[in-house]
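**Student:** Sequence first, predicted model second:
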Amino acid sequence: QVQLVESGGGLVQAGGSLRLSCAASGRTFSSYAMGWFRQAPGKEREFVAAIKWGSSSTYYTDSVKGRFTISRDNAKNTVYLQMNSLKPEDTAVYYCAADRPPTGWGSITDANTYDYWGQGTQVTVSS
């Protein structure tokens, strides 16, 4: 069982930055692929970014490429999402998720691939 707790959300002006953290419990964290998703009011949950267990591979949705960076520190059981040049359309509740091995990297953008979810953290970007 893995428990995920997100933090770092808040209110920021357009062009600003935030760093989200997701702390995971469990000794096998390093073997899990991790992802970030977001859900804006009235919209479906959408994929943002993912990282493989060894940090060797990352993947981003097109709308955040060049602005967001996903990383992980397996020693701290934590995955991060550094968000720069934020836009009002980035406003959403952000969720981290864990994919139990074997990693379904071919479907890493699909929320159904993930086995564990955090409770979410609100990010609001004002114009």
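**Tutor:** Received the coordinates, thanks.
**Student:** Next, the residue nearest the centre of the chain: secondary structure please.
**Tutor:** In the chain, the centroid-proximal residue (CA atoms, centre = their mean) is Trp36; its distance is 2.0 Å. Of the three states, Trp36 takes strand under DSSP: H, G, I helix; E, B strand; the rest coil.
**Student:** Contact partners for it?
**Tutor:** Counting by CB atoms under 8 Å, 6 or more residues apart in numbering, Trp36 makes contact with Leu20, Cys22, Val48, Ala49, Ala50, Ile70, Val79, Leu81, Tyr94, Tyr95, Cys96, Ala97. Where C-beta positions appear, they are placed from N, C-alpha and C, glycine not excepted.
**Student:** And it, how close does it get to Ala75?
**Tutor:** 20 Å (CB to CB, to the nearest Å).
**Student:** same check, this time on Gln13
**Tutor:** 34 Å.
**Student:** for Thr109, same thing?
**Tutor:** Counting by CB to CB - Thr109 and Ala75 are separated by 27 Å.
**Student:** Between the two, point out the one with more neighbours.
**Tutor:** Between Thr109 and Ala75, counted using other CB atoms under 10 Å, Thr109 has the larger neighbour count: 16 against 8.
**Student:** Poorly predicted segments of this protein, please.
**Tutor:** 27 (pLDDT under 70).
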